[in-house]
Every structure is written in structure tokens, then in C-alpha cells.
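*Asks:* Below is the sequence, then the predicted model.
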Amino acid sequence: MASTETTDPKAAASSSGSASADDGAGLQGLEAGLDALESPSAGRTPLRQTFVNKILPPVIAIAVVLVVWQALVSFKIVDDPSKLPSPADVGGEFKDAWLEGKLLGYIWTSVSRGLLGFLMALAIGTPLGLLVARVRFVRAAIGPVLSGLQSLPSVAWVPPAVIWLGLDNEMMYAVILLGAVPSIANGLVSGIDQVPPLFLRAGRTMGATGLKGARHIVMPAALPGYLSGLKQGWAFSWRSLMAAEIIASSPDLGIGLGALLENGRNASSMSMVFEAIILILFVGIAIDLLIFSPLERRVLRGRGLLVKG
């Protein structure tokens, strides 16, 4: 004997609608959760968390270095003060330079040259890199030359620059340009090479060609790689300047950090040598923390590659 089952169409429709509503609500909840994970956290980071995560680690590292340094001197592991002065001796060198009003002058002489030379390298390297990346003949002609110049030690340019231009600021800027321009140009070329072809086709479809396409499509898309080239370009600028100041020291050029380092060597004063090294390191770290790191975080965050907080 066969049994028959009857289904109420209204009940089935109601059940189907309820299931669809539940699925829709579940998907909306999932999307909301993902958006919450990717969105920046509201409010400012607590001061205690900032101190623990960002300030305390470098302070501990510096303290460890000072303790080890002092231990090498106190336990006479290095018992020759002419080779390794104590932290107090180096601190006394800083104190004397500050009281004489020379410390900030050392820093400003080098920083002003380095930043101005870097800006000139930026003005030359950016259009050069764009030209190399977008014009095949130019890339084949001078692309390998730029790579070779980037690998050439910047100190090699100091002797010919002195012979060509003499002991003046023009020589310093020439050495900086020869050291930094290839890095900036190659960084931009690398960034443009990583731009998805779809972006370029979409730009051409919307009429963004030539300079307009370079400005609105190519450069914004290549910005992360370009920024890496800028950081490397600054590093080459700073190193090139230090090499020039060490080798081509002259009273007419003033005393920058490189000249201070060379003066310490000539005077056999390791305290002055350590003073110059610490200042050179301090300026390099400060420029990166104040300029390039915030700019890099902003670019990455704008592309969804870095979540604030």
C-alpha cells in the first residue's frame, strides 16, 4: 500500500525564503568581519604601547652596546685608550664640541649638502628613469650603464671631480649626483616594470597616453618601487658626500662630518673619530625615521598593504 505526502507550497516558499535570508545575513556578517579586520583601528595608539613597542627596544639596544663597550675598557680587554676610548671620553668630546658651538655646525654643513645634492639627483634621476623604462632604445643603450654606475663605489668619483672642478661645493654635488642618480633611476625602472599591464591598457582606453599616462597611471602605480629607489638614492647620496668630505678636505669647504672624521684620524684622536662616526650614523637614522619611513607607511597603507594599528 503506497503512501502519499503532500507539501504546502506556501510553507516551502517560506522555508526557502528564510534560508536565503539566513545565507544573505551570514554573507553580510562575514563581509563586515573582513572589513573590520582590514579597516584602520579607531583611536590613537596608547602611549604605553608606543613606548613598549617603538621606544624601549632601541633604548635597550643602545644600553647593551654601552655596557659592552664600557666592559671592554674597564676589564682591560682592550687596554689601549688610543685604540678604544671609553664612552665617557667620547661623551667629553661631544660636550666640548657643544660648548664651543661647533657640534650643530658639523651636522648642518653635511646635512645641507646632502639634502641639496639629493634633491638635484631626484630632479635628474626621475625623468631619466622614466625615459629608460618607457623607451626601448634608450633602455638598451644606457640601461646597463646605469646598473654599472650604481655598482661603482662613489669614492672612485672623488679624484676626477677634484681635478675637473677643484676643491669647492660643486665638486661635492658632482660626486653626490654620480652616486645617487643611477640608484633613483634604477628604482623607478624597477617600479615601472612591476606595474600590471592591465593598468596601462586601461589608461590607454581612457585616453591617458604620453605624459598624461606617465603622470596619472605609471608613476602612481610604480610608487612603491620608486620609493625604494629614493631611499637607496639617499643612502648613496650620504655615502658619496662622506667620501668626498673625507678625501677632499679644505678650510674653504668648512668642517662637515666627513672632514671631522678625517681630522680625528690626522690627530690620532679616537674620541673624535668615534664622535664623527656616531654623528654620521645618527643623521642617517634620523633622515630615514623622519622622512622615508612615514612616507613608505603612507604609501603602503594607501594600497591596503599595511593596516594601521
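*Replies:* Sure thing, it's come through.
*Asks:* Using the three-state scheme, assign the residue nearest the centre of the chain.
*Replies:* In the chain, the residue lying closest to the centroid (Cα atoms, centre = their mean) is K231, at 3.5 Å. Following DSSP: H, G, I helix; E, B strand; the rest coil, K231 is assigned to helix.
*Asks:* and it, what does it touch?
*Replies:* D288, F292, E296 (Cβ atoms under 8 Å, 6 or more residues apart in numbering). Bear in mind the C-beta positions are built from the backbone N, C-alpha and C, glycine included.
*Asks:* 7 Å instead, please
*Replies:* Contacts for K231 (Cβ atoms under 7 Å, 6 or more residues apart in numbering) come out as F292.
*Asks:* Could you do the one 3 residues further on as well?
*Replies:* Counting by Cβ under 7 Å, 6+ apart, W234 makes contact with F118, I287, F292.
*Asks:* Which of the residues you listed fall within helices?
*Replies:* Judged by DSSP state H, the subset of these located in helices is F118, I287.
*Asks:* Export the contacts of W234 to a markdown table and append columns for pLDDT.
*Replies:* Putting the contacts of W234 into a markdown table (pLDDT from 0 to 100) gives the following:
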| residue | pLDDT |
| --- | --- |
| F118 | 94 |
| I287 | 92 |
| F292 | 88 |
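*Asks:* could you measure the residue nearest to the centre of the chain against P224, distance?
*Replies:* Using Cβ to Cβ, to the nearest Å, we find K231 at a distance of 11 Å from P224.
*Asks:* Quick check, I217 in contact with R201.
*Replies:* No. Shown here, I217 and R201 do not form a contact pair, counting by Cβ atoms under 7 Å, at 9.9 Å.
*Asks:* So for the helix or strand hosting P160, what gets flagged as buried?
*Replies:* Following DSSP states H and E, the helix or strand that holds P160 is helix 158-165. Using 16 or more other Cβ atoms under 10 Å as the burial criterion, the residues of helix 158-165 that qualify are V158, A161, V162, L165.
*Asks:* that older thread, can you tell me how far the residue nearest to the centre of the chain is from L122?
*Replies:* 12 Å.
*Asks:* how about the strands in the protein?
*Replies:* Counting by DSSP state E, one finds no strands in the chain.
*Asks:* re earlier: next, show the common contact partners of K231 and L122.
*Replies:* Contacts common to K231 and L122, judged by Cβ under 7 Å, 6+ apart, are absent.
*Asks:* hang on, isn't G187 packed against S228?
*Replies:* Yes. In terms of Cβ under 7 Å, G187 counts as a neighbour of S228; the distance is 5.5 Å.
*Asks:* Which one's more surrounded, these two?
*Replies:* Set G187 next to S228 and count neighbours by other Cβ atoms under 10 Å: G187 wins out with 25 against 17.
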